[in-house]
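> got a predicted model here, sequence first, then my questions.
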Amino acid sequence: TDAGFVDPSLALDLYEPFLFDALYAFVIAINTLLNGGVPLEEIKGDRLLNQLRITEFEGISGLVSFDQYGDRQASYELVNLHPDGLRVAA
């Protein structure tokens, strides 16, 4: 959130948004399978992987979706951090 820019103590660690989104992708994929009638004990292996690959949502770190190899598709923003705390997006 923007609150991290006003109060640095509220800023998220660099990896926390990605960790949250990774876990949330699993939650969405499992929920989709359960709602589709797949028994919990069958949600594993290729069935879960295939559902993860088609999972797409707007996460904390941005749009979360995956390519045919299971790699996350992402947009990137380069940020130049200055010693005085100034952040410049490139």
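Received it, and whenever you're ready, just let me know what you need.
> measure stretch 36-56 end to end?
End-to-end span of stretch 36-56 (CA to CA, to the nearest Å): 17 Å.
> run through who's touching that stretch.
By CB atoms under 8 Å, 6 or more residues apart in numbering, the surrounding residues in contact with stretch 36-56 are 25-26, 28-30, 32-34, 63-66, 68, 70. Just so you know, the C-beta spots here come from the backbone N, C-alpha and C atoms, and that holds for glycine as well.
> out of the residues you listed, which sit inside helices?
Among these, the subset assigned to helices under DSSP state H consists of 25-26, 28-30, 32-34.
> buried ones in stretch 65-75, by neighbour count?
Neighbour counts using 16 or more other CB atoms under 10 Å place 65-66, 72 of stretch 65-75 among the buried residues.
> can you classify residue 85 as helix, strand or coil?
coil (DSSP: H, G, I helix; E, B strand; the rest coil).
> quick one on the thing from earlier: identify the farthest-apart pair in the contacts of stretch 36-56.
Maximum pairwise distance among those (CB to CB): 24.8 Å, between 34 and 68.
> one step back: okay if I get the ones in helices among the contacts of stretch 36-56 as JSON lines plus pLDDT and neighbour count?
Supplementary listing: the ones in helices among the contacts of stretch 36-56 in JSON lines, determined by pLDDT from 0 to 100; neighbours: other CB atoms under 10 Å:
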{"residue": "25", "pLDDT": "97", "neighbour count": "21"}
{"residue": "26", "pLDDT": "97", "neighbour count": "14"}
{"residue": "28", "pLDDT": "98", "neighbour count": "17"}
{"residue": "29", "pLDDT": "98", "neighbour count": "20"}
{"residue": "30", "pLDDT": "98", "neighbour count": "18"}
{"residue": "32", "pLDDT": "98", "neighbour count": "15"}
{"residue": "33", "pLDDT": "98", "neighbour count": "18"}
{"residue": "34", "pLDDT": "98", "neighbour count": "12"}
